[in-house]
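Novice: Model the following, please.
(one chain, ligands or ions: 1)
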Amino acid sequence: MEYKILKISITDRIACVTISRPAVLNALNTEFFREMDHFLHDLQGRDDVRVLVITGEGKAFVAGADISEMSGMEPEAAFEFSRFGQSVFAQLEKLRIPVIAAVNGYALGGGCELAMGCDFRIASKLAKFGQPEMNLGLTPGYAGTQRLSRIAGLGNALYMILSADTITADDAFRMGLVQKVCEPETLMDEVMKLASKIASNGSGAIPAIKRLIRDGITLPFEDGSILEAKAFSELFGEPATKEGMKAFMEKRKPEW
Ligand code: CO8
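Specialist: Numbers count the residues shown, from 1 in each chain. Next up is the predicted model:
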């Protein structure tokens with residue numbers, strides 16, 4: 001597929017996707033979702049990529065769903081647009097590898113929802129977060145009402161969505177929506193440094209950790225703990241885990 005909106009680079013086992021529609025602050029249209037859907041399917045079949053980074057070109061991460069495309073929709077088309085977007089963001093959660101949102105600027109509406117579909121968020125000090133759909137007479141449509149309360153708590157989700165306020169990266173950090181705030185000029189360096197650290201671990205621990213935390217949050221504690229014990233013990237049968245422990249004993253770095 002020829003990508004028109006996504007700029008994709010893959011180096012040192014890290015895939016970086018830059019959403020590029022800067023003239024409309026990277027607003028998400030159907031073409032974006034088609035491309036992302038295709039790319040994520042492609043990524044599932046690859047074992048040479050260990051981390052995915054998503055960012056935006058220009059002054060926005062993503063300023064929301066494309067309002068000009070949405071404005072002409074009737075309920076049926078809006079439902080399809082919403083479900084398609086939800087399924088693409090759900091694929092980010094289901095990927096075996098960690099997905100990092102490098103939030104460089106506005107992350108509003110669908111942009112905040114995209115960032116929340118990623119495993120965690122690192123933001124520039126200049127980033128702004130918000131769910132302003134209410135101002136358009138809408139609710140969030142890419143599972144923002146479901147993810148925000150799970151990530152940042154019930155009160156913060158109700159506050160952000162019912163106020164439609166735009167909040168700073170520091171406020172987003174305080175509410176747990178963002179995990180780290182960086183100077184704008186160091187954002188990508190810091191994200192890539194962290195991505196490299198994760199990508200350097202070639203053991204099965206990384207996908208296991210993602211799956212355990214992602215699946216575990218919807219399970220009763222004991223059921224999640226059993227899953228953890230299974231995954232933990234299965235890793236003892238893997239050469240990479242044996243190498244990890246052997247390397248520690250031999251005071252050297254593991255060879256993965
Ligand atoms: N959709 C389409 N175009 C957009 C969007 C958008 N979400 N955001 C910005 N643009 C366009 C502007 O229209 C403008 O275009 P033009 O130059 O042709 O006039 C260009 O981008 C630059 O924007 P501004 O001039 O407005 O830039 P400012 O720096 O002055 O303002 C803001 C930046 C504050 C981010 C402002 O652009 C803004 O408020 N944007 C809209 C934010 C918003 O409401 N987002 C939520 C959208 S709704 C949504 O995401 C629902 C998701 C679920 C959908 C479910 C499917 C049914």
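
Novice: Okay, strands next: where are they in the protein?
Specialist: According to DSSP state E, the chain carries its strands in the segments 6-11, 14-19, 51-56, 60-62, 99-103, 106-108, 120-124, 128-130, 167-168, 180-182.

Novice: okay, those strands in JSON lines with mean neighbour count and distance to the ligand next?
Specialist: No exception for glycine: its C-beta is placed from N, CA and C like everyone else's. Below are these laid out as JSON lines (neighbours: other Cβ atoms under 10 Å; distance: least, Cβ to the nearest ligand atom, whole Å):
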{"stretch": "strand 6-11", "mean neighbour count": "13", "distance to the ligand": "17"}
{"stretch": "strand 14-19", "mean neighbour count": "22", "distance to the ligand": "12"}
{"stretch": "strand 51-56", "mean neighbour count": "25", "distance to the ligand": "12"}
{"stretch": "strand 60-62", "mean neighbour count": "28", "distance to the ligand": "7"}
{"stretch": "strand 99-103", "mean neighbour count": "27", "distance to the ligand": "13"}
{"stretch": "strand 106-108", "mean neighbour count": "27", "distance to the ligand": "4"}
{"stretch": "strand 120-124", "mean neighbour count": "25", "distance to the ligand": "15"}
{"stretch": "strand 128-130", "mean neighbour count": "24", "distance to the ligand": "8"}
{"stretch": "strand 167-168", "mean neighbour count": "19", "distance to the ligand": "13"}
{"stretch": "strand 180-182", "mean neighbour count": "18", "distance to the ligand": "19"}
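
Novice: Ok, which of the ones you listed comes nearest residue 239?
Specialist: Among the strands of the chain, the nearest to residue 239 by Cβ to Cβ is strand 51-56 (21.5 Å).

Novice: need the contact list for residue 52.
Specialist: By Cβ atoms under 8 Å, 6 or more residues apart in numbering, the residues touching residue 52 are 14, 15, 16, 17, 43, 92, 95, 97, 98, 99, 100.

Novice: of all those residues, which comes closest to residue 62?
Specialist: Nearest to residue 62 among these, counting by Cβ to Cβ, is residue 17 at 11.7 Å.

Novice: Specify the beta-bridge partners of the closest one.
Specialist: Using DSSP bridges, the bridge partners assigned to residue 17 are residue 8, residue 54.

Novice: how many other residues sit next to the closest residue to residue 210 other than its chain neighbours?
Specialist: Distances taken as Cβ to Cβ, 6 or more residues apart in numbering place residue 98 nearest to residue 210, at 5.8 Å, with adjacent residues excluded. Residues lying near residue 98 (other Cβ atoms under 10 Å) number 21.

Novice: from the contacts of residue 52, which two are the most distant?
Specialist: Distance extremes for the contacts of residue 52: the farthest pair is 14 and 92 at 15.4 Å, using Cβ to Cβ.

Novice: thinking again about what came up before, Throw the strands of the chain into TSV and include distance to residue 188 and mean pLDDT, thanks.
Specialist: Output for the strands of the chain, formatted as TSV (distance: least, Cβ to Cβ, whole Å; pLDDT from 0 to 100):
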stretch	distance to residue 188	mean pLDDT
strand 6-11	12	97
strand 14-19	9	98
strand 51-56	7	98
strand 60-62	12	98
strand 99-103	6	98
strand 106-108	16	98
strand 120-124	9	98
strand 128-130	18	98
strand 167-168	20	98
strand 180-182	9	98
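
Novice: Can you redo the ones you listed as JSON lines, where the extra columns are distance to residue 197?
Specialist: Formatted as JSON lines, those follow (distance: least, Cβ to Cβ, whole Å):
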{"stretch": "strand 6-11", "distance to residue 197": "15"}
{"stretch": "strand 14-19", "distance to residue 197": "11"}
{"stretch": "strand 51-56", "distance to residue 197": "9"}
{"stretch": "strand 60-62", "distance to residue 197": "22"}
{"stretch": "strand 99-103", "distance to residue 197": "11"}
{"stretch": "strand 106-108", "distance to residue 197": "24"}
{"stretch": "strand 120-124", "distance to residue 197": "13"}
{"stretch": "strand 128-130", "distance to residue 197": "25"}
{"stretch": "strand 167-168", "distance to residue 197": "27"}
{"stretch": "strand 180-182", "distance to residue 197": "13"}
